[in-house]
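> predicted model, plus sequence, below.
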Amino acid sequence: MPTKVVVGVQWGDEGKGKIIDILASNADVVVRSQGGNNAGHTVENKNQVYKLHLIPSGILYKDALCLIGCGVVIDPKVILGEIDGLIARGVSCENLFIDPRAHIIMPWHIEIDHLSEKQLGKDMIGTTKRGIGPCYMDKAERVGIRLVDLLNEKLFIEKALKIGEQKNKIITKIYDGNSLDIQKIILEYQTYAKKLSKYVKDVSIEIYNAFKQNKNILFEGAQGTLLDIDMGTYPFVTSSHPISAGVCIGSGIGPTMIDEIIGVVKAYTTRVGKGPFPTELLNETGEKIRKLGNEFGTTTGRPRRVGWFDAVILRHSVRVNGLTSLAINKLDTLSGMDEIMICKNYKKNDGTIIDYFPPSLEELAECSPIYESCKGFTEDITNITSYDELPDNCKLYLKKVEELSGCKISMVGVGPSRSQNFIV
Ligand code: GDP
Ligand code: IMO
Ligand code: MG
């Protein structure tokens, strides 16, 4: 198997966890390279459901090396809880390693995430409030604490005291919040350091060694292309690079080491949090899809906003990620619709038609979708195991998706479990 990257091509929650779990059956190494526990990746197999936030979805295969790269932000309490939870369910975490350069989420990041969202009021981003943005802010400002710093007792105390004091000023003076007990935080994090030390390894070196031995390497994207801090709907984005290029920076590899880039996409569109969404369905159809697709956030439980498939977004994602194929999920959720719509272009208020995703949110707000209608299907497709068995209207829908997106479909998902997926 060549080196494969799996990315989300919409606003996250496309079913990346399931696709990684399926592809990981042939992988020697599975790597997470950006984001943090804002991600929620669901893996279902043998009637067991796992919701993973930081640990790569390859962890269920006991021989796969699972790596967390330097681009991921780590909440030590969350990852230790996730490790304990997996071990309690009989899943080994012996092959899990985190890069020492990864930045650590501190309690002040979480506090500031809450407070800044509160202060933004109706203009809030709708973050997961896991401290992700504030942690990446400190990384860019060069005042962050990395895992390697946490493991150095003297350096950690020095840094935590200095940074903590400054953060308390921000919390109390700018946000009118309550100051944090820095000494207590230091003690708490020292216990995490002890527990985490056995999971530390230079991820860049590990991947490179595996690459030289022709091992199968799989990169697990988190979030989605439209949440990318540059290529997404800024400022309603996350603070990292979920696009394929983010894999190189966030794991310490070069672009020449990547062979395939698979974009995971839902057969319709969803989004959690605020921001523009041209094909959003604020009607009964939207409600129906939310209910049938069980569209509630894996991390925060928030209801996901739902809309029709948007090929303008797909063309944007095909280009910015350099996708080699698509893995489409949740086709089963559309069963029972009389008509299924695909947005092919946008029409602006002045009548201009555009075929690209605009960088300006003001321009995007002026865009209404131009739809192409596809005939619906009523059959239950959840037990189908090959493309040929799909109802004709389903095949026509997939053909339309390929035609309007400019990318071929390589995998189809008709249910949440490992077995409900087939190769095209
Ligand atoms: P991720 O963040 O991209 O890994 O996706 P999430 O796990 O947050 O959300 C995807 C949801 O859809 C999960 O509940 C999956 O179990 C479920 N899912 C994935 N693929 C399919 C599919 O083909 N059909 C159905 N019905 N559910 C799916
Ligand atoms: P997975 O990997 C869906 C969204 C949040 C919010 C914005 C910024 O499961 O697909 P943040 O906490 O990152 O600062 O929030 O990004 N968001 C996600 N939406 N799936 C995710 O991850 C997300 N991670 C962040 O809802 O709109
Ligand atoms: Mg998710």
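Perfect, thanks for sending it. Ligands and ions are numbered 1, 2, ... in the order given.

> where exactly do the helices run in the stretch 201-350 of the chain?
203-212, 245-251, 284-292, 311-321 (DSSP state H, counting those that start in this stretch).

> may I see the buried residues of the longest helix seen in the chain?
In the chain, assigned by DSSP state H, the helix with the most residues is helix 153-169. Residues of helix 153-169 classed as buried: Phe156, Lys159, Ala160, Ile163, Gly164, Lys167, Asn168 (neighbour count, 16 or more other CB atoms under 10 Å). C-beta coordinates here come from the backbone N, C-alpha and C atoms, glycine included.

> coming back round to it: would a markdown table of the helices of the stretch 201-350 of the chain with distance to ligand 3, mean pLDDT and mean neighbour count be doable?
Shown next, in a markdown table, are those (distance: least, CB to the ion, whole Å; pLDDT from 0 to 100; neighbours: other CB atoms under 10 Å):
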| stretch | distance to ligand 3 | mean pLDDT | mean neighbour count |
| --- | --- | --- | --- |
| helix 203-212 | 22 | 97 | 17 |
| helix 245-251 | 17 | 98 | 23 |
| helix 284-292 | 15 | 96 | 16 |
| helix 311-321 | 17 | 98 | 23 |
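
> what residues are up against the residue lying closest to Val318 once chain neighbours are set aside?
Leaving aside its sequence neighbours, Val318 sits nearest to Cys407 (CB to CB, 6 or more residues apart in numbering; 4.7 Å). By CB atoms under 8 Å, 6 or more residues apart in numbering, Cys407 lies in contact with Gly263, Leu314, Val318, Leu323, Ser325, Leu326.

> in those residues, find the pair that's most separated.
Largest separation among the contacts of Cys407 by CB to CB: Leu314 and Ser325, giving 12.3 Å.

> anything in contact with each of those two?
Gly263, Cys407.

> identify the residue spatially nearest to the residue of the stretch 301-424 of the chain found nearest ligand 1, adjacent ones excluded.
Using CB to the nearest ligand atom, the single residue of the stretch 301-424 of the chain nearest to ligand 1 is Gly413, 2.8 Å away. Spatially, and ignoring its direct neighbours in sequence, Gly413 is nearest to Asn329 (3.6 Å; CB to CB, 6+ apart).

> was I right about the one you found contacting Val264?
Yes: counting by CB atoms under 8 Å, Asn329 touches Val264, with 6.6 Å between them.

> which residues do the two both contact?
Counting by CB under 8 Å, 6+ apart, the residues touching both Asn329 and Val264 are Glu14, Gly15, Ile19.

> out of the residues you listed, which sit inside helices?
Those of those lying in helices (DSSP H): Ile19.

> mind putting the shared contacts of Asn329 and Val264 into TSV with neighbour count and distance to Leu364?
Listed next are these as TSV, based on neighbours: other CB atoms under 10 Å; distance: CB to CB, whole Å:
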residue	neighbour count	distance to Leu364
Glu14	30	20
Gly15	20	25
Ile19	27	28
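
> ok, and of the shared contacts of Asn329 and Val264, which contact ligand 1?
Counting by CB under 6 Å from any ligand atom, Glu14, Gly15 from the shared contacts of Asn329 and Val264 sit close to ligand 1.

> and which of the shared contacts of Asn329 and Val264 is nearest ligand 1?
Gly15 (3.3 Å).

> the closest one contacts Gly413, doesn't it?
Yes: counting by CB under 8 Å, Gly15 does reach Gly413; the two are 6.0 Å apart.

> show me whatever sits in contact with both of the two.
With CB under 8 Å, 6+ apart as the test, Gly15 and Gly413 both reach Ala327, Asn329, Lys330.

> for the shared contacts of Asn329 and Val264, give me CSV that also has distance to Thr299.
Below are those laid out as CSV (distance: CB to CB, whole Å):
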residue, distance to Thr299
Glu14, 14
Gly15, 15
Ile19, 18
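
> closest to Arg305 out of the shared contacts of Asn329 and Val264?
Once CB to CB is applied, the member of those that ends up nearest Arg305 is Glu14, at 14.3 Å.

> show me where pLDDT drops low in the chain?
Flagging of the chain using pLDDT under 70 yields the residue ranges 1.

> interface residues of the protein facing ligand 1?
8, 12-18, 40-42, 44, 298, 329-330, 332-333, 413-416.

> Ile217 contacts Thr3, correct?
Yes: at 4.6 Å, Ile217 and Thr3 qualify as touching, with contact defined as CB under 8 Å.

> shared neighbours of those two, anything?
In terms of CB under 8 Å, 6+ apart, Ile217 and Thr3 are both contacted by the residues Phe211, Met257.
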